[in-house]
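Engineer: Task: produce atomic coordinates for the following.
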Amino acid sequence: MKVLEVRVLLQRVLEASVASDGELTGRIGRGLCAFVGVTHTDGELTATKLADKVWNLRVFEDSAGLMNLSVAETSREILVVSQFTLYGDTSKGRRPSFVEAARPEHAEPLIHLFCQRLESHGAKLGLGRFRTEMQVHIVNDGPVTLMIEA
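Structural biologist: Numbering: from 1, shown residues only. Below you'll find the predicted structure:
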């Protein structure tokens, strides 16, 4: 059985924003929208490794139209939204189980570390608000949606 790790659903976007309780909490232009999930066994090393991977992943086109550029080489903009439902297990029944999702007390510091690491690289972040119902608006930039595991 595979050990679960931090997961990121990464979308290349033309623009993205997140609001909570009617308040805009983050907005970016062209860049990446990262939905981040954490499980019980994740730690600081996994969070920093994942941030480095997101920062350096080549998902933007160069002048030849090939995906050879990272967000670090383009806009540097990333919207980060915590997303415990990435660990939803739908293999049994009709209701997802979220037992693999880390409790907020464990997940929140790791997502904060993930964001700090991105900022240390020079990222311009937009942020969701942890432990709230969020409304996310995304305008996709092409068919680039990836699941990333550290």
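Engineer: Mind naming the longest strand for this protein?
Structural biologist: Longest strand in the chain, counting residues (DSSP state E): strand 134-149.
Engineer: Could I get the average pLDDT for that one?
Structural biologist: Mean per-residue pLDDT for strand 134-149: 94.
Engineer: Check stretch 103-113 too.
Structural biologist: Mean predicted lDDT for stretch 103-113 stands at 96.
Engineer: Okay, helices next: where are they in this structure?
Structural biologist: 44-56, 104-121 (DSSP state H).
Engineer: For V81, find the nearest of those.
Structural biologist: helix 104-121 (9.4 Å; C-beta to C-beta). (Glycine included, C-beta is placed from N, CA and C.)
Engineer: Tell me how far the closest one lies from the chain's centre.
Structural biologist: 11 Å (C-alpha atoms, centre = their mean, to the nearest Å).
Engineer: on that earlier part again, does anything pack onto the longest strand of the chain? Which helices or strands?
Structural biologist: On a contact count with 3 or more C-beta pairs under 8 Å, 6 or more residues apart in numbering; DSSP states H and E, strand 134-149 meets strand 7-20, helix 44-56, strand 77-82.
Engineer: In CSV: those, plus mean pLDDT.
Structural biologist: What follows is the helices and strands packed on strand 134-149, written out as CSV (pLDDT from 0 to 100):
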stretch, mean pLDDT
strand 7-20, 97
helix 44-56, 96
strand 77-82, 98
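Engineer: Which of those has the highest mean neighbour count?
Structural biologist: Most buried of the helices and strands packed on strand 134-149, by mean neighbour count (mean count of other C-beta atoms under 10 Å): strand 77-82, with a mean of 25.
Engineer: what lines up beside that one in the sheet?
Structural biologist: strand 31-37 (parallel), strand 124-127 (parallel) (DSSP bridges).
Engineer: buried set for the last one?
Structural biologist: Buried residues in strand 124-127, counted by 16 or more other C-beta atoms under 10 Å: L125, G126, L127.
Engineer: what's the answer for stretch 136-150, then?
Structural biologist: Buried-residue list, stretch 136-150, by 16+ other C-beta under 10 Å: V136, I138, D141, I148, A150.
Engineer: residues making contact with that stretch?
Structural biologist: Under the contact criterion C-beta atoms under 8 Å, 6 or more residues apart in numbering, stretch 136-150 has outside partners 5-19, 30, 33, 46-47, 49-50, 53-54, 57, 59, 67, 79, 81, 128.
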